[in-house]
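Engineer: The following comprises the amino acid sequence and a computationally predicted model.
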Amino acid sequence: MQQIEEARQERELKMKAAMTAIETENESESIQPVVTTSPQTEQTSLPSKNDSNQPFTHVSASGNSISMVNVGHKVASQRMARARTKVIFPPEVMDAFSISSNNNEMVGPKGPIFATAQLAGIMGAKRTSDLIPLCHPLPLDKVHVEIRLEGNVAIVECECHVTHKTGVEMEALMGSSIAALTIYDMVKAVSHKVKIQETVLISKRGGKRTIDENQVET
């Protein structure tokens, strides 16, 4: 009996050895070297200077980093900027609101539309750096918003003044834009066909460049 058991164990060992050899051979045949080919990456050349051949100040040439410009070394000076936005009313809006004789006010159920928009524009100009990420917070000396009606078009102009090391273009643009949006909000119950368009910087003084109103196409 002992001989029979020993013979059986010997057969099992031989079978296991044979199976192991077969598995090892199959694995070696199935493993193939992996060759990775990286496609040729197209190098995109990013511009490093603006139209005036000056290097970009807020964004690196590679586009990988952004920063708020350091103006600490500059000398504070008087700066001014004036921006304009146009709001075009459809006929139903013109018919729905009373208009003052000098075309400086529209009045509706919510109250005086232009006066409300003027206040909103001033508030918007003061909060510019909260909304435009790379703007410096500025202690504005003056913000004036003027709105007049020419036909069915409200002309919104915002003028900002500051004595500082950087300009107030964005504050002026923000003020005229927010005032225009407020006008839209005040009349949208009558029509959503109101159009806000043509927000432009129309004049600028101080800093490196001066822009006169006659240089701006309207």
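Structural biologist: Structure received. Residues are numbered from 1 along each chain as shown.

Engineer: Model confidence score at Lys165, please.
Structural biologist: In this model, Lys165 is scored at 89, pLDDT.

Engineer: my read: it touches Val69, true?
Structural biologist: No. The criterion here is Cβ atoms under 8 Å, and Lys165 misses it with Val69 at 9.9 Å. (C-beta placed from N, C-alpha, C; glycine too.)

Engineer: residue contacts, Arg148?
Structural biologist: Asn103, Asn104, Ala154, Ile155 (Cβ atoms under 8 Å, 6 or more residues apart in numbering).

Engineer: What is the neighbour count of the third one?
Structural biologist: Ala154 has 25 neighbouring residues, counting by other Cβ atoms under 10 Å.

Engineer: Helix, strand, or coil at it?
Structural biologist: State at Ala154, reduced to three classes by DSSP: H, G, I helix; E, B strand; the rest coil: strand.

Engineer: what's the burial count for the closest residue to it other than its chain neighbours?
Structural biologist: Leaving aside its sequence neighbours, Ala154 sits nearest to Val87 (Cβ to Cβ, 6 or more residues apart in numbering; 4.2 Å). When neighbours are counted by other Cβ under 10 Å, Val87 registers 25.

Engineer: Would you check that Val87 makes contact with Thr199?
Structural biologist: No. Applying Cβ under 8 Å, one finds Val87 not in contact with Thr199, separated by 10.4 Å.

Engineer: Touching both of the two, which residues are there?
Structural biologist: By Cβ under 8 Å, 6+ apart, Val87 and Thr199 have these common neighbours: Ala180.

Engineer: Ser177 touches Leu201, doesn't it?
Structural biologist: No. Using Cβ under 8 Å, Ser177 is not in contact with Leu201; the gap is 11.6 Å.

Engineer: how near is the residue lying closest to Leu140 once chain neighbours are set aside to Leu181?
Structural biologist: Nearest non-adjacent residue to Leu140, counting by Cβ to Cβ, 6+ apart: Val162, 5.3 Å away. According to Cβ to Cβ, to the nearest Å, Val162 and Leu181 sit 23 Å apart.

Engineer: Of those two, which one has the most company?
Structural biologist: Neighbours were counted for Val162 and for Leu181 using other Cβ under 10 Å; Val162 has more, 23 against 18.

Engineer: tell me the SS of that one?
Structural biologist: With three-state DSSP as the basis, Val162 sits in strand.

Engineer: Low-confidence stretches in this structure?
Structural biologist: By pLDDT under 70, the low-scoring segments of the chain are 1-8, 14, 16-63, 214-218.

Engineer: Contact partners for Arg84?
Structural biologist: Ile155, Val156, Glu157, Cys158, Ser176, Glu198, Thr199, Val200, Ile202, Thr218.
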